[in-house]
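Asks: curious how this folds, go ahead:
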Amino acid sequence: MDVCRLLGREESGLASQLDTNLLRLLTPLVKLYTGKQAVAVVSEGLECFGGQGYCEDTGLPGLLRDAQVLSIWEGTTNILSLDVLRCVERSSGMVLHAYFTHTKSLLAGASGVSSLAPAVNAVDRALSELKDFSGLAATKAAGYLELAARDLAYSLARAYMGALLIDHACWKGASASDTYAALRWCEQDLCPVAAKQARGCYDPSAPALDAALVYEQPLRC
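Replies: Numbering: from 1, shown residues only. All right, here's what the predicted structure looks like:
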């Protein structure tokens, strides 16, 4: 819905430069992340029905097939992840600047709200890790970011969604469940790209090792 808000401002001529940059970055992010989430959530939902979730005459299996089309037809996850890199490069990093600026502003309303402190700290930490990773990636060869593209996209999406949940939980009409939702979301690893970078997952040897593993070739570690 936040992307819809930004798109509405763009179409009505009310968008600031920050809005425009943010919309450019969030569009591929929302498509790739919600597409993957839809498949996982619907699959879990079918399990709740037991055997009925598998029987075609219930109509339930069709929900899973329909969800799967999101990550196929609307743009595969890897292609959309590369689009994230493309918009960062073409904007000379301005879309990332807009992302960090706006995400931090979403956390401002939670200042002093003790119940949301763990979630705020988690998003703050993720943003710091994302900045550190961006700085490191700028010193690496061109292929480095391509290896990390999907994990970077997931990290940007998770941190932003956490900030949105925190912002919503600070709304005067929010309920205790809104706070709980923000806390639960922020319990996960919000910046998987940092963790994988620390484990060497994007080292120059990674593509050859991955290919050898997939095609059952001898590994030369």
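Asks: may I see the buried residues of stretch 1-18?
Replies: Buried residues in stretch 1-18, counted by 16 or more other C-beta atoms under 10 Å: 2, 6, 15, 18. Every C-beta, even on glycine, is put in place using the N, C-alpha and C of the backbone.
Asks: please apply the same query to stretch 51-66.
Replies: Quick answer for stretch 51-66 (16+ other C-beta under 10 Å): 53, 60-61, 63-64.
Asks: longest helix in this protein, please.
Replies: Assignment by DSSP state H gives helix 17-48 as the longest helix of the chain.
Asks: mean confidence score for the very next helix or strand once past that helix?
Replies: Of the helices and strands lying after helix 17-48 in sequence (DSSP states H and E), the nearest is helix 60-68. Here helix 60-68 scores 94 as its mean pLDDT.
Asks: buried residues in the helix or strand following helix 60-68?
Replies: With elements assigned by DSSP H and E, the helix or strand that comes after helix 60-68 is helix 70-73. Neighbour counts over helix 70-73 (16+ other C-beta under 10 Å) mark 70-71 as buried.
Asks: so what touches helix 70-73?
Replies: 31-32, 34-36, 38-39, 77 (C-beta atoms under 8 Å, 6 or more residues apart in numbering).
Asks: now with 7 Å, please.
Replies: 35-36, 38-39, 77 (C-beta atoms under 7 Å, 6 or more residues apart in numbering).
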